[in-house]
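Novice: quick one, structure for this:
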Amino acid sequence: MPEPNNVHVDAILSNISIKYSNAAYVGLQLMPVVPVKKESDKYYIYNSKADRFRIPTTLRAPKTESKTVDWKTTTDTYQCEEHALNDLIDDRERNNADKPINPEVDTVEFLTDIIELAQEKRIVDLLTGASMTHNATIAVKWEDYVNSDPIGDIETGKQDVHSRIFREPNTLLLGKEVYDKLKHHPDILDRIKYVQKGVVIEDLMASIFGVDKVVVGKAGYNTKKEGQTAVYGYLWGKYALLAYVEPQPGIKKFSLGYTFKVGKNIVRRARMETKHSDWFEPSMIVDEKLVCVDCSYLMKACIT
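Specialist: Coordinates of the predicted model:
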């Protein structure tokens, strides 16, 4: 009887393959997209916050003029930039590709995901960087289930935001590592034990913390440069961020930040005959911009 390797020639399976994919990106939930036509422009800001909330003398005596109180505007700008990556598909690569590989689709998907990963990192850097002036480092880490008070810490942050914009923050972002510790905290479990048999999910946390939604940043990245040994980490780290995010951006509204975006993501394609290849380039034109840091409260080092 022939040996198995003499009666079978290995072939590529067409019903399974392996490809790593990241967790969902959440940055645009904190900095929603504002469609724009031009790559740079200005937008109005009505009055300063101090003028808007100052109470003038409103009393008017008979036969006298009332006090004149003027309103003003200033402007700020956005500046979109293009973010793009490209790759070539040689004719021989395409002609020799076995199913389920689709060189064109696989190339565009890969490049697009890397561009979106880079955008997520830019948003993380904005929302955890030096511009976030309203912040606190958590003294008693939330994995200390005896002494920590995450509900109290978050209430402090909510009050801090409200004292500046007179609206409740409506979004709480948690890095995955923070979320994983928090969902087992006795203070949290005690609040929900009569609701869902002690199972914590984002919606239940939102009701506990008094926000519209809890967003968990689960995506990760390779922290090392090309050519170095890979080291992986979570993009959103050990942070918790309270924010007021405008659900429907428009005129006469405010929010923590916006993503100004020209058009939709596009994919350019060109033939490079001298290289016997087709060239593909996914691209987006955006500017992620903080517009009201008063809408935020950043909690740093929530866990060790």
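Novice: where do the strands sit along the stretch 1-150 of the chain?
Specialist: If DSSP state E, counting those that start in this stretch is used as the criterion, the strands of the stretch 1-150 of the chain fall at 33-36, 40-46, 73-79, 81-84, 87-90, 135-137.
Novice: so which of those comes closest to Leu242?
Specialist: With C-beta to C-beta as the measure, strand 135-137 is the member of the strands of the stretch 1-150 of the chain nearest Leu242 (10.4 Å). Heads up, the C-betas are built off the backbone N, CA and C, glycines and all.
Novice: run through who's touching that closest one.
Specialist: Residues lying outside strand 135-137 but in contact with it, judged by C-beta atoms under 8 Å, 6 or more residues apart in numbering, are Asp153, Thr156, Gly157, Tyr297, Leu298, Met299, Lys300, Ala301.
Novice: mark which of those are buried, thanks.
Specialist: If you count burial by 16 or more other C-beta atoms under 10 Å, the buried members of the contacts of strand 135-137 come out as Asp153, Gly157, Tyr297, Leu298, Met299.
Novice: wasn't the second one part of a strand?
Specialist: Pointing back at Gly157 there. No: note on Gly157: no strand contains this position according to DSSP: H, G, I helix; E, B strand; the rest coil, which reports helix.
Novice: go ahead and confirm it touches Leu242.
Specialist: Yes: the pair Gly157 and Leu242 passes the contact test of C-beta atoms under 8 Å, sitting 4.5 Å apart.
Novice: hey, what's in contact with both of these two?
Specialist: Between them, Gly157 and Leu242 share the neighbouring residues Pro169, Tyr297, Met299, with contact defined by C-beta under 8 Å, 6+ apart.
Novice: contacts only, for the first one.
Specialist: Yep, that's Pro169 we're talking about. By C-beta under 8 Å, 6+ apart, the neighbours of Pro169 are Gly157, Lys158, Val161, His162, Val211, Leu242, Ala243, Tyr244, Cys295, Ser296, Tyr297.
Novice: return the per-residue confidence for it.
Specialist: At Pro169, the predicted lDDT confidence score is 98.
Novice: closest one of the contacts of Pro169 to Leu111?
Specialist: Within the set of the contacts of Pro169, Ala243 lies nearest Leu111; the separation is 30.3 Å, counting by C-beta to C-beta.
Novice: what about the longest strand in the protein?
Specialist: strand 277-290 (DSSP state E).
Novice: adjacent strands (with direction) for that one?
Specialist: With DSSP bridges as the test, strand 277-290 is paired with strand 81-84 (antiparallel), strand 87-90 (antiparallel), strand 257-262 (antiparallel), strand 266-272 (antiparallel).
Novice: for the longest helix along the chain, which helices and strands make contact with it?
Specialist: Among the elements of the chain assigned as helix by DSSP state H, the one spanning the most residues is helix 103-128. Secondary-structure packing of helix 103-128 (3 or more C-beta pairs under 8 Å, 6 or more residues apart in numbering; DSSP states H and E): helix 27-30, strand 81-84, strand 87-90, helix 91-96, strand 257-262, strand 277-290, strand 296-300.
Novice: of the contacts of Pro169, which is the most crowded?
Specialist: Neighbour counts for the contacts of Pro169, by other C-beta atoms under 10 Å, peak at Ser296, which reaches 29 neighbours.
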